[in-house]
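> Sequence and predicted structure, then a few things I'm wondering about:
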Amino acid sequence: MEETLFTNSVQNLINQSAALANQYGHDTLKPLHTLGACLDNDFCVSFFNVFDMPITQLRSLVGQELEMLPKSFRGQLTADKTLNSFLQDCKKEAEALGDQYVSLEHLFLQWLATKYLP
């Protein structure tokens, strides 16, 4: 998917997701990494707080799920097919709302609806 379809915030979040995957020793980038990276993003956390989401518990659950993913230290990080599908779904959500770019809000909507999270 073209990077130009994403807002700067989403591009930064994807980069943070890749750093998180590397931190855990994962060789594939998954939607779970985007959610994990979101929990360290001030905008995302403020959004979760508006809905009284238990951030500490969510961080713990995401951390546990990330720990269960297979580790590989071959150095080459690739996007998992589920991430590509997730981002395509975000793009469809943006189009359905009449938006030209995929923003963090579209990721939020997909995190709620996706089958690609545990």
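Cool, got the structure. Residues are numbered from 1 along each chain as shown.

> Show the backbone phi and psi for the nearest residue to R74 once chain neighbours are set aside.
Closest residue to R74 apart from its sequence neighbours, by C-beta to C-beta, 6 or more residues apart in numbering: D27 at 5.7 Å. In this view, the C-beta of every residue, glycine as well, is placed from N, C-alpha and C. The phi/psi pair for D27 (degrees, to the nearest 10) reads phi -100, psi 0.

> Correct me if wrong: D40 contacts L13.
No - D40 lies out of contact with L13 (C-beta atoms under 8 Å); the separation is 9.6 Å.

> In terms of neighbours, single out the busier of these two.
Between D40 and L13, L13 has the larger neighbour count (other C-beta atoms under 10 Å), namely 23 against 13.

> what about the more buried one, which helix or strand?
helix 8-24 (DSSP states H and E).

> how close does the residue most central in space within the chain get to G98?
With distances taken as C-alpha atoms, centre = their mean, the residue of the chain nearest its centroid is T34 (1.8 Å). The gap separating T34 from G98 is 23 Å, by C-beta to C-beta, to the nearest Å.
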